[in-house]
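K.L.:
Generate coordinates for the sequence data below:
(chains A and B)
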Amino acid sequence: MKAILQKSPILPVLTVLLVLVAVWYAGAVWLNAPVLQDQYEREETTWDAPRLVEDAWSMERPVLPAPHQIFADSWKSIFKQRISSKRSLVYHGWVTLSSTLAGFAIGSVLGVLLAVGIIHIPTLNKSVMPWIIASQTIPILAIAPMIIVVLGAIGLTGVLPKASISAYLCFFPVTIGMVKGLRSPDRTHRDLMKTYNASTSQIFWKLRWPASTPFLFASFKVSIAISLVGAIVGELPAGARAGLGARLLTGSYYGQTIQIWSALLVASLLSGALIALVGMLERLILRRSGGAVG
Amino acid sequence: MASQEAGTVVSARGLDLTFQTNDGPVHALSNIDLDIHEGEFISFIGPSGCGKTTFMRVVADLEHPTNGQLTVNGVTPEQARLDRSYGYVFQAPALFPWRTIAGNLRLPLEIMGISKAEQRERVTESMALVNLSGFENKFPWQLSGGMQQRASIARALTFNPKLLLMDEPFGALDEIVRDQLNEHFLNLWKKTRKTVLFVTHSIPEAAYLSSKIVVMSPRPGRIIDVIDSQLPTDRTLDIRDTPEFMELSHKIREGLRAGHSYD
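P.N.:
All right, here's what the predicted structure looks like:
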């Protein structure tokens, strides 16, 4: 038992979690105290430290909500609401997830196609590659709300504008990873294909593509996470009525800090689940292809 | 070449190759004249940089000569490559890690558009030739270095080329495994009667395997001597203790010395 505990990562992870939670509770008292003290003074109530702590952890609109408040609110919003309800985080999570996945799909396909073009056409390598890198110097997250508004003005609403922000963020790591992956076969393997008089498409499908699989998944892990960020940012403009981003925004309008934190919790759970899913898919495919790669 | 005699597989006349590198030109091959006949086992021996690998790569159309003439099966090396007339075995096994051993052996057959049924037949046949039957569904990393190299030889045999180009195929293996593979490969050669071009660093390997030994020397890469082996075709590893074998090894060593290869 002792040996198992020492080997498994559970104990250290739990320790860190415990410390974080303790710091959080202390922080909740520290940040909420001034508000409460003001309130006590106005209402001329007498108070002592235990009461202050108790109140700090159960405010309706705290500056920093305590972890148990966030969990209670998340639980309520996920499991105690009808899925179709505007108060359900499952509903909002699904809205965000659908545009995350749509953006991820568009971005990945675009990214792979660009990489294939870049490794096969030298002119494309010279002309497009600098633009691809330059594209990421635009602070897309900052101007994303404007893009949504502009697209909305020309009649494009719903999933597509949000997905386009995700796709814009997504394609970059996929292109960079795939260019490297498709170029990863060493000289001997390429020479071998040449001695067989293999065609360009045979070299691509039988050598370059399988060799690039580990690179593809590494890129996917990065891009699925930023795809979610893109979707949330795309939901921030006032027009959006659904999605985790909209939830964050309305929360901050009405000072519903607990609601903001619940939405953040769901967003990070979603992100973690998506990365884990990509990881599972990766293990599945790599095991089928020998498991020696990656 | 009309004047070429029948049975000549590789014919080089005044072959020259200079690589342009950042450190200036490197004269890799200088004035190579050589005829290789059908069914011969030719070893190329010499120190690093003597151009033996370069010569093989020129035959395989992986490098292009600067000057001179070279024909493979009476046509240009490029045409010979397009005709898929040779199998190339590299120093590294160069198996695809994402394919099983059988999958690796199928690779050339898939590329050449051979039917599924015949693919299976030829893979089974080649696996048996190199004593790897039963390992079809293993992945390369599950095999030892010697077995991987045998799989790589089997891969070159699947599409049954008449010419085998082997670039230090046993160079990365330890001596015990190397001896085993030498003996095994010699039997295979006797069975299949292929023409083999074999690059090596090792004098005993060259002497044991070859019917003809080409001794080369570096700077510039050139042929110093061509030695015909007088050893009987039926050889076992024990032959290495006979005076005839010693004499042949001595001749090769003399050739290497004449080319200042020991400098």
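K.L.:
Please make it C-alpha for all contacts and neighbour counts, starting now.
P.N.:
Noted.
K.L.:
Which element, helix or strand, includes B:Ile114?
P.N.:
Taking DSSP states H and E as the definition, one finds B:Ile114 inside no helix or strand.
K.L.:
And the pLDDT for it?
P.N.:
Note on B:Ile114: pLDDT of 92.
K.L.:
can you count the residues close to it?
P.N.:
Using other Cα atoms under 10 Å in any protein chain shown, B:Ile114 has 13 neighbouring residues.
K.L.:
for it, what are its contacts?
P.N.:
Residues near B:Ile114 by Cα atoms under 8 Å, 6 or more residues apart in numbering or on different chains: none.
K.L.:
after the helix or strand hosting B:Ile213 comes which helix or strand?
P.N.:
If you go by DSSP H and E, B:Ile213 is part of strand B:212-217. With elements assigned by DSSP H and E, the helix or strand that comes after strand B:212-217 is strand B:222-228.
K.L.:
Note down every partner strand of that next one and its orientation.
P.N.:
Paired with strand B:222-228 in the same sheet, following DSSP bridges, are strand B:212-217 (antiparallel).
K.L.:
so for the partner strand, what's the average pLDDT?
P.N.:
So the average pLDDT for strand B:212-217 ends up being 93.
K.L.:
Go ahead and name everything in contact with that strand.
P.N.:
B:40-47, B:50-52, B:206-207, B:222-229, B:252, B:255-256, B:259-261.
K.L.:
Keeping just the C-alphas, turn that strand into CSV.
P.N.:
What follows is strand B:212-217, C-alpha atoms only, in CSV (Å, rounded to 0.1, in the frame of the first residue of the first chain):
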residue,chain,number,x,y,z
LYS,B,212,35.3,-10.9,-57.4
ILE,B,213,36.7,-8.2,-55.1
VAL,B,214,37.1,-4.5,-56.2
VAL,B,215,39.7,-2.7,-54.0
MET,B,216,39.2,1.1,-53.9
SER,B,217,41.2,4.0,-52.5
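K.L.:
quick revisit: show me how to select, in ChimeraX, the buried members of the contacts of strand B:212-217.
P.N.:
Per 16 or more other Cα atoms under 10 Å in any protein chain shown, the buried members of these correspond to this ChimeraX selection:
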select /B:40,41,42,43,44,45,46,47,50,51,52,206,207,222,223,224,225,226,227,229,252,255,256,259,261
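K.L.:
Filter the contacts of strand B:212-217 down to the ones in helices?
P.N.:
B:52, B:206-207, B:252, B:255-256 (DSSP state H).
K.L.:
Just flag the most distant two among these.
P.N.:
B:Lys52 and B:Ala207 (16.4 Å; Cα to Cα).
K.L.:
Strands of chain B, start to end?
P.N.:
Secondary structure of chain B (DSSP state E): strands located at B:8-21, B:24-37, B:41-45, B:67-72, B:86-89, B:163-167, B:195-200, B:212-217, B:222-228.
K.L.:
Put together CSV for those, with distance to B:Pro97 on each row.
P.N.:
Shown next, in CSV, are the strands of chain B (distance: least, Cα to Cα, whole Å):
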stretch, distance to B:Pro97
strand B:8-21, 32
strand B:24-37, 33
strand B:41-45, 30
strand B:67-72, 32
strand B:86-89, 17
strand B:163-167, 21
strand B:195-200, 25
strand B:212-217, 35
strand B:222-228, 37
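K.L.:
between those strands, which one is nearest to A:Val116?
P.N.:
A:Val116 lies closest to strand B:86-89 among the strands of chain B, at 28.3 Å (Cα to Cα).
K.L.:
Counting by contacts, list what that closest one packs against.
P.N.:
Under the contact criterion of 3 or more Cα pairs under 8 Å, 6 or more residues apart in numbering or on different chains; DSSP states H and E, strand B:86-89 touches helix A:187-195, helix B:145-157, strand B:163-167.
K.L.:
what are the ranges of the helices in chain A?
P.N.:
In chain A, helices defined by DSSP H lie at A:2-7, A:10-43, A:49-56, A:67-79, A:89-120, A:122-135, A:140-153, A:159-182, A:187-195, A:200-203, A:209-234, A:244-253, A:257-288, listed in chain order.
K.L.:
mind putting these in a markdown table, distance to B:Met246, mean neighbour count and mean pLDDT included?
P.N.:
Converted to a markdown table, these look like this (distance: least, Cα to Cα, whole Å; neighbours: other Cα atoms under 10 Å in any protein chain shown; pLDDT from 0 to 100):
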| stretch | distance to B:Met246 | mean neighbour count | mean pLDDT |
| --- | --- | --- | --- |
| helix A:2-7 | 60 | 9 | 67 |
| helix A:10-43 | 67 | 14 | 91 |
| helix A:49-56 | 95 | 14 | 89 |
| helix A:67-79 | 85 | 17 | 90 |
| helix A:89-120 | 53 | 22 | 94 |
| helix A:122-135 | 56 | 13 | 89 |
| helix A:140-153 | 76 | 16 | 83 |
| helix A:159-182 | 50 | 25 | 92 |
| helix A:187-195 | 36 | 18 | 95 |
| helix A:200-203 | 47 | 13 | 95 |
| helix A:209-234 | 47 | 23 | 93 |
| helix A:244-253 | 83 | 21 | 88 |
| helix A:257-288 | 51 | 17 | 92 |
